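Asks: Give me a model of this one.
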Amino acid sequence: MKKIRIKLKSFDSGVLHRSTKEIVMAAKRNGALVSGPIPLPTRVSRYTVNKSPHVDKKSREQFQLAVHKCLLELSSFNAHLLSTFTNFQLPAGVDISVEVRDE
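Replies: Below you'll find the model as predicted:
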């Protein structure tokens, strides 16, 4: 049986949640079995820079960038669902990767 594994990434957790919800509703309308959304660990990158380029070594500023991730698995899908996903419009800032697996 074939399964579709969809990974979504975004810097904004709210946009990611809404996009995941839209994909799940579209899949259920087309009769696919959905497992998920499974939240994956958030990757946080922290950057520390000096505030002043010259003397004040103890004066620093920190920035962080969080990448939120989510996983969906779809099974027992049809060709109409695949055509729906090719025409699916996601908001800006959401990265999607689709993988089809045989299991």
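
Asks: which stretches of the protein aren't confidently modelled?
Replies: Applying pLDDT under 70 to the chain picks out no residues at all.

Asks: Look up how far residue 54 lies from residue 87.
Replies: In this view, residue 87 and residue 54 are 56 Å apart by Cβ to Cβ, to the nearest Å. All C-beta atoms are positioned from the backbone trio N, CA, C, and that covers glycine.

Asks: ok, now residue 98?
Replies: From residue 98 to residue 54 the distance is 50 Å (Cβ to Cβ).

Asks: where along this structure do the strands fall?
Replies: 2-10, 33-50, 60-75, 94-102 (DSSP state E).

Asks: Pick the most deeply packed of those.
Replies: The highest average neighbour count among the strands of the chain, using mean count of other Cβ atoms under 10 Å, belongs to strand 2-10 at a mean of 18.

Asks: Could you export the strands of the chain as JSON lines, including distance to residue 17?
Replies: Putting the strands of the chain into JSON lines (distance: least, Cβ to Cβ, whole Å) gives the following:
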{"stretch": "strand 2-10", "distance to residue 17": "9"}
{"stretch": "strand 33-50", "distance to residue 17": "8"}
{"stretch": "strand 60-75", "distance to residue 17": "8"}
{"stretch": "strand 94-102", "distance to residue 17": "10"}
